[in-house]
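Asks: Next come a sequence and a model predicted from it.
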Protein chains: 2
Amino acid sequence: MKKVINIGIVGFGTVGSGVVEVLSNNPSRISRKVGARVQIKKIVDKDITTPRGIKVDRSLLSTNINHILDDPEIDIVVELIGGEHEAREIILEAMKKGKHIVTANKALLAKAWDEIFEASKRYGCEVLFEASVGGGIPIIQCIRQGLASNRILSIFGIINGTCNYILSKMSSEKKDFCEVLKEAKESGFAEASPILDIEGIDTAHKLVVLGSLAFSKRISVEDVYTEGITYITKRDIVYAEEEFGYTIKLLGIAKIIDNKLELRVHPTMIPKDHLLASVSGEYNAIYIMGDLTDPLMFYGKGAGKFPATSAVTADIIYLAKKITNGVAGYIEKSYYEDIDIKPMDEFLGKYYIRFETLDQPGVLASISGILGEHNISISSVIQKERRSGDIVPIVMLTHEAKEANIRIALKKIDKLPIVKAKSLLIRVEELTK
Amino acid sequence: MKKVINIGIVGFGTVGSGVVEVLSNNPSRISRKVGARVQIKKIVDKDITTPRGIKVDRSLLSTNINHILDDPEIDIVVELIGGEHEAREIILEAMKKGKHIVTANKALLAKAWDEIFEASKRYGCEVLFEASVGGGIPIIQCIRQGLASNRILSIFGIINGTCNYILSKMSSEKKDFCEVLKEAKESGFAEASPILDIEGIDTAHKLVVLGSLAFSKRISVEDVYTEGITYITKRDIVYAEEEFGYTIKLLGIAKIIDNKLELRVHPTMIPKDHLLASVSGEYNAIYIMGDLTDPLMFYGKGAGKFPATSAVTADIIYLAKKITNGVAGYIEKSYYEDIDIKPMDEFLGKYYIRFETLDQPGVLASISGILGEHNISISSVIQKERRSGDIVPIVMLTHEAKEANIRIALKKIDKLPIVKAKSLLIRVEELTK
C-alpha cells in the first residue's frame, strides 16, 4: 500500500492556487480520507514570480514541465492551464509515462475526446474531469455512476455562468446586452475577451462532454448547433416575460427524439415558473430527465476559484484513494450507442419571432401568409407599439414547426419591402420531457 | 475476471419488482457497463404468489432466505424488505458469508450504523445505500465523492415526499392538514399508516444517514430533535406566506454552528422566493453548503418505484463493476470528527409564534412582557381578525432567541388566563448559511 501520493500541478493560476491551498490546508483530513498522504511534489507554470496569495515552498515551483513529466514519483498530473495544444501534449505525454490525469479542460475534452480516452485505455491511466462542467456541481460523477441504470432522455443545462449572469441582469434590471456585458467585465463575471462564453462556444464544449457521457455517443463540437446571446435585446426579454410568461436562458440541450440525438446551444424561452428559470446570476444548473428518475436538477456555482477547486480536489482524492489501494487504472470499456445525431434542419419546436415592419395595413397578412405556406401556424401575435408610419415590432409565438421551414419562411419575409430589419428568432422549450 | 455477477433480491414488493424489471429489460446495456453479466439468481419474499406485473421464471422465486444466504455464487444481496429486525439479521448474515449489500433501509441504517459498518470492515463487504435518501437523487454518492474535499457547513433537506406533498397542497389549495392527508392517502402519496412520515421520523432517519456521512460523525436517532407536521394549520401557512413572505417546509437540518452540530427535523419557514421553497409536491431536494462549493442543490423525486429502482440499480452496477474487476471490498477507513452535538435547548433562531387569546386590552402587553423577561424580542406582530370578546390569534416573529428561553416563556404565557389555547411555534430559517 502506497504511503504517499504525489501530485504535479500544471498551471498555477486561480484554480491551481486554490488546489494548492486546499491540499495544503487540510492535510490530515484528506490523508484520513485517502488512507495515504497526498503531497504536492511540483507546480509548473510559465510565471512563477507573481504572488498567488498562498505560501509555497519555492523549491516546489518550476517553469519546466519535464520536472513533472520526468519525475517517476508523481502519480497524478493536474492540468489547469486550459487551451488546447499545449494541454493536449502534456496530458498525452503524462499518460505515456503512466500518470493519471485530472483536468478541467472542457475545450480540449470536446475536441480530443477519442485521442485522450484511447491513450487512457492504452496506458491504463485514468482521466477525471469533474471540473470541466458545472464547477462545484458533481454532475460528471452523477451521470457516470448515480444515473448509470437510467436511459437519459434529455439534458437541459445552464452551464455558462457569464451568460446566465448577463441574461439574469438584463431581465432584472431591464438593461441591454452591451451595457450588462460591460458591467459583467468590470465586476469579474465576464472575461476581458468573452467570445467563447457569449457566443455559446463554451456551452457547446460542455454539452459535448455531458452528451458523450450521458448518451454513450461520440460527439464532436461540429455536431452541436450553437448560437450565442449577443442578439438578445431587453425588448425580447420583456415580451417573453410579460406577454408570454417565459424567461430567456442560454441552454445546452441534448435530447433523444425519435431515436435521434438533438444537440443544440441557443437562447431558449422556458416557462418562468419552472425551477430552471429561477436559476439566476452566475449559478449553473443541469436539468436531466432519466427514464427511471424522471426529472432531476443539480444546482450550484458553475465557476470561480473554490467551486472549481472543489471539483478538482474531489477528483484528486478519488484517484489517490484508488492508487493507494492499488486499484486505479481500471478503465471502463467504452461502448457506443447506435444513435444518429439529428440535423438542426429537422428540429421541430415552437418559436418566438420578432419582425420589424412598417406600420401599415396588410403587414400581418403578408407575414402570416408566408408562414402558412411553409406549414407554420401562429399561436399568438402581439403588435403593441403602434406609431403610424413608423417601424414597429410584430411579435409572435408559433405552434410546433420545422426549423428548415422557419428559416426559408423568414428569408422570404425578410425580403418583403415592409420588413425593415432582420427577423429575430428564439426557440421555446416547455421542459415537459 | 468474473463473467457473471449473481444477485439475490430480498423483498419482491414495489422496488424489488422495479429492480427485477430494470435488470431484466436492459441486460446488454448493463453488462456492457459492468463488463460482466448481471444475473438475478434468486428472489426471496414471504409472498411469491401475488402477481408483480413482470414475468419471472418461477424457479427464481423462493420464500426461504437461506436460498440466498447459503448460495456461494451470490455476490450481492439486495435488501428491500425494510423494517429493522429481520433486515438487520439478513444483512449481517449475508456479510458473514462474504456477500456485498445494497439496501434502501434508512431506518435500519440510522439505528444500526455502527454494527453494520463494523461488519462491513470485518468481512470486507461493501454496503451501499443510495436509495435510502432522496430516491433517484444520487445524494449519497455526491456527499461521499463529489464533495469529499469540502467541509460541509450545512444541509437543509426536503427528504420526505409525503410531508412535502401535504404541505404543498395545504398551501396551494388552502386546505387543512386532515383533509389533505385524507386525499394524499387516496391518491397514494401517503401510506395507510403514515405516522413515520408525518411525525418527522422518516426524515430524522434520513438525516442521520446524511449527517453521518457529511460530518464524519456517529449520529444516533436520539440526537435529532424531531417534530412532525401534524400541528400545522392552513392559517399558519397563510400568515407565513401573506404576512411574512415565508413558505413552510418540513426540513431535516444538519448544521455546524460554533463547532457544534445541530441536528433537527421540524416544520420550517423559509423565504418563499428561495429555490428550496419552489420544491413542491412529492419532490425532494437537498440544499448543501460546502466551504468550497457554496450552496448546491440536488432536486428530484424522492420516492416511488422507479426513482428508488434507479438508485438501487446504480449501486448494483457500481458494485458489480468492482467485483468484476476484483477490486470490491475496499472499505474506507472510517474516522470521526471531534465535534459535539448541540442540544436543542441551546439552539438560537428566529421564531414564528401564534397565540390564541381573548381580544381585550393589555393582552399584547402581558405577552410581550413575558417574552422580554426571557430576552426574546419581537420583530413583528399581527393581530388581524378582531372580534371583540372573542378568541383571536396574535401572530409574531421574533428576532434571534434561545430555544430554552422560548419554551419557558411560552409555558408561562400559556398559563395566562387571557390565553385560550396552547401557543404554536414554527422555526424560521433564512437559508443564508
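Replies: Perfect, I can see it now. Residues are numbered from 1 along each chain as shown, chains lettered A, B, ... in the order given.

Asks: other SSEs contacting the helix or strand of chain A at the bottom of the mean pLDDT ranking?
Replies: Ranking every helix and strand in chain A by mean pLDDT, DSSP states H and E puts helix A:27-34 at the bottom, with a mean of 90. With contacts defined as 3 or more Cβ pairs under 8 Å, 6 or more residues apart in numbering or on different chains; DSSP states H and E, helix A:27-34 has these neighbours: strand A:37-44, helix A:305-324. Placement of C-beta: from N, CA and C, glycine included.

Asks: Quick one: closest of the ones you listed to chain B.
Replies: When the helices and strands packed on helix A:27-34 are compared by Cβ to the nearest Cβ, helix A:305-324 sits nearest chain B, at 3.6 Å.

Asks: what's the helix or strand A:T357 falls within packed up against?
Replies: Applying DSSP states H and E as the criterion places A:T357 in strand A:348-358. Applying 3+ Cβ pairs under 8 Å, 6+ apart, one finds that strand A:348-358 contacts helix A:234-238, helix A:363-373, strand A:391-398, strand A:401-402, helix A:403-414, strand A:424-428.

Asks: ok so, going back, can you point out the buried residues in the least confident helix or strand of chain A?
Replies: Within helix A:27-34, the residues scored as buried using 16 or more other Cβ atoms under 10 Å in any protein chain shown are A:30-34.

Asks: between those, which is nearest chain B?
Replies: Nearest to chain B among these is A:R32, at 4.6 Å by Cβ to the nearest Cβ.

Asks: Could I get the pLDDT score of the residue lying closest to that closest one once chain neighbours are set aside?
Replies: Spatially, and ignoring its direct neighbours in sequence, A:R32 is nearest to B:Y335 (4.6 Å; Cβ to Cβ, 6 or more residues apart in numbering or on different chains). On the pLDDT scale, B:Y335 is placed at 70.

Asks: now A:Q360
Replies: A:Q360 is assigned a pLDDT of 84 by the prediction.

Asks: The one 4 residues further on too?
Replies: According to the prediction, A:L364 has pLDDT 92.

Asks: Double-check it against A:Q383; I have them as touching.
Replies: Yes: if you go by Cβ atoms under 8 Å, A:L364 and A:Q383 touch, sitting 7.0 Å apart.

Asks: Show me whatever sits in contact with both of these two.
Replies: A:I394 (Cβ atoms under 8 Å, 6 or more residues apart in numbering or on different chains).

Asks: how about low-confidence regions in chain A?
Replies: Under the criterion pLDDT under 70, the flagged ranges of chain A are A:330-334, A:385-389, A:433.

Asks: List the contacts of the spatially closest residue to A:R122 that is not a sequence neighbour.
Replies: Distances taken as Cβ to Cβ, 6+ apart put A:M95 closest to A:R122, at 7.8 Å, once the chain neighbours are dropped. A:M95 makes contacts with A:101, A:119-120, A:122-123, A:125, A:127, as judged by Cβ under 8 Å, 6+ apart.

Asks: let's see 10 Å
Replies: A:77, A:101, A:116, A:118-127 (Cβ atoms under 10 Å, 6 or more residues apart in numbering or on different chains).

Asks: what angle sits between the least confident helix or strand of chain A and helix A:305-324?
Replies: Counting by axes from the mean of the first three to the mean of the last three Cα atoms, to 10 degrees, helix A:27-34 lies at 50 degrees to helix A:305-324.

Asks: quick one, helix A:27-34 and strand A:37-44 angle?
Replies: Put simply, helix A:27-34 runs at 110 degrees to strand A:37-44, going by the same axes, to 10 degrees.

Asks: in what helix or strand does the residue positioned nearest the centre of chain A lie?
Replies: Among the residues of chain A, the one closest to the centroid is A:T203, at 3.2 Å (Cα atoms, centre = their mean). Assigned by DSSP H and E, A:T203 belongs to helix A:201-214.

Asks: any idea which helix or strand comes after that helix?
Replies: Once the chain leaves helix A:201-214, the next helix or strand it forms, by DSSP H and E, is strand A:225-226.

Asks: For burial, what's the neighbour tally of the spatially closest residue to A:Y351 that is not a sequence neighbour?
Replies: Distance criterion Cβ to Cβ, 6+ apart; nearest residue to A:Y351, sequence neighbours excluded, is A:T398 at 4.6 Å. By the criterion of other Cβ atoms under 10 Å in any protein chain shown, A:T398 has 21 neighbours.

Asks: OK, contacts around A:T398?
Replies: A:T398 touches A:349-353, A:371, A:376-380, A:405-406, A:409, A:425, A:428, counting by Cβ under 10 Å, 6+ apart.

Asks: any idea which of those is closest to chain B?
Replies: Checking these against chain B with Cβ to the nearest Cβ, the nearest one is A:V428 at 20.9 Å.

Asks: how deep is that closest one tucked in, by neighbour count?
Replies: The number of residues packed near A:V428 is 21, by other Cβ under 10 Å.

Asks: who's in contact with the closest residue to it other than its chain neighbours?
Replies: Take A:V428 and drop its neighbours on the chain: the residue closest to it by Cβ to Cβ, 6+ apart is A:K350, 4.0 Å away. Residues in contact with A:K350 (Cβ under 10 Å, 6+ apart) are A:269, A:379, A:397-401, A:426-430.

Asks: now A:K350: how far from A:M269?
Replies: Noted for A:K350: a distance of 8 Å to A:M269, by Cβ to Cβ, to the nearest Å.
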